[in-house]
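**Student:** Compute the structure for the input listed below.
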Amino acid sequence: MGAKRLLVTVVLLVASSVGAVPASAEWFGDLYLGGAFTQNDDLTAKGSVNGTPFELTARDLRFDSSVTGGGRFGYWFEALPWLGLGLDIAYFAPNASSQNVDTNVKLGGVSTNVGAVAFDKVKVDVTDVSFDLMLRWPGLVASPQFPKGRLQPYLTVGPAIFLATAKDSTNFGPPNNQSSHDTSVGVKAGFGTTWMLTPHIGIIGEYRFTHFSPKFEFDTDVPGFSKTKVETDVNTHHVLVGVTFRF
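**Tutor:** Sure thing, here's the model as predicted:
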């Protein structure tokens, strides 16, 4: 299933779930901000020169830490207060700054390690849309004012669609400063806790992990060279704080 088709399916699932939920369900909205820390990973660039295929691998490419933020909307079931659903939209920017990377080149079946090669900056913007299945432990520090508990640890997991844009500087050109877009299906999982300040307002702290594997494509005007297809894994740890509203 294509990523765009999956996104439509997710939206329809949310809409149908919203229509089916009883009026007594506990609706919530979260707003959060924090840091995103993307792991180093290999980057592979593939293409051909004068009809001969090549593959360049930049090993252990370092991605920058960035700010991450977004919001989630959903509800907890009244009949099953430990079970909830949510739709989450977030943004982060795992850029790759200028650095020297150990590089291997494979040309026509012959592989050669060329050592440290200068890698110029690539700016990456990512928006992810996830459909969350949520589990919580209700009833901790409960009172008549907080029948579900003031303290509510929770888990969240679900599929996500990642909309990524990579803006190169000079690595895959000329032409330089190209942009390439990718839509990929990945996954998001996390855990956190909520502390209710009032029956309708609380604070949240959450850790989450996201994974996706974008594929970008860049042109070149060098004679004999094909387009360059670039692939990597983006594995990111997010640490978040925010506010939740219950209604």
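**Student:** I'd assumed T103 was in contact with L56.
**Tutor:** Yes: using C-beta atoms under 8 Å, L56 is in contact with T103, at 6.5 Å. Using the backbone N, CA and C atoms, a C-beta is placed for each residue, glycine as well.
**Student:** got the residue ranges for the strands in this structure?
**Tutor:** Ranges of strands in the chain, per DSSP state E, are 26-38, 41-49, 52-61, 66-76, 83-92, 99-107, 110-119, 122-136, 151-168, 179-196, 201-212, 215-218, 228-232, 234-246.
**Student:** May I see the buried residues of the fourth one?
**Tutor:** Taking 16 or more other C-beta atoms under 10 Å as the basis for neighbour counts, the residues of strand 66-76 that come out buried are 66, 68-70, 72-76.
**Student:** do the shortest one as well
**Tutor:** Taking 16+ other C-beta under 10 Å as the basis for neighbour counts, the residues of strand 215-218 that come out buried are 215-216, 218.
**Student:** Just name the closest of the residues you listed to G224, please.
**Tutor:** Nearest to G224 among these, counting by C-beta to C-beta, is F218 at 15.7 Å.
**Student:** What pLDDT is listed against F37?
**Tutor:** Looking at F37, its pLDDT is 98.
**Student:** ok, now L13?
**Tutor:** 45.
**Student:** Give the rounded mean pLDDT of stretch 51-69.
**Tutor:** So the average pLDDT for stretch 51-69 ends up being 96.
**Student:** Could you tell me the end-to-end distance of it?
**Tutor:** 45 Å (C-alpha to C-alpha, to the nearest Å).
**Student:** Quick check: buried residues in it?
**Tutor:** Buried residues in stretch 51-69 (16+ other C-beta under 10 Å): 54, 56-58, 61, 63, 66, 68-69.
**Student:** residues near the nearest residue to T103 once chain neighbours are set aside, how many?
**Tutor:** Distances taken as C-beta to C-beta, 6 or more residues apart in numbering put V117 closest to T103, at 4.2 Å, once the chain neighbours are dropped. Neighbours of V117 under the rule other C-beta atoms under 10 Å: 15.
**Student:** how about V117, what does it touch?
**Tutor:** For V117, the contact set (C-beta atoms under 8 Å, 6 or more residues apart in numbering) comprises 58, 100-103.
**Student:** Report the beta-bridge partner residues of it.
**Tutor:** Residues found in beta-bridge contact with V117 (criterion: DSSP bridges) are V101.
**Student:** Let me know the pLDDT of it.
**Tutor:** 95.
**Student:** how near is it to D88?
**Tutor:** Using C-beta to C-beta, to the nearest Å, V117 is found at 38 Å from D88.
**Student:** one step back: now render the strands of the chain as a markdown table, adding distance to Q145.
**Tutor:** Shown next, in a markdown table, are the strands of the chain (distance: least, C-beta to C-beta, whole Å):
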| stretch | distance to Q145 |
| --- | --- |
| strand 26-38 | 15 |
| strand 41-49 | 48 |
| strand 52-61 | 51 |
| strand 66-76 | 17 |
| strand 83-92 | 21 |
| strand 99-107 | 54 |
| strand 110-119 | 56 |
| strand 122-136 | 18 |
| strand 151-168 | 14 |
| strand 179-196 | 9 |
| strand 201-212 | 13 |
| strand 215-218 | 52 |
| strand 228-232 | 50 |
| strand 234-246 | 12 |
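**Student:** Many thanks, I have nothing further to ask.
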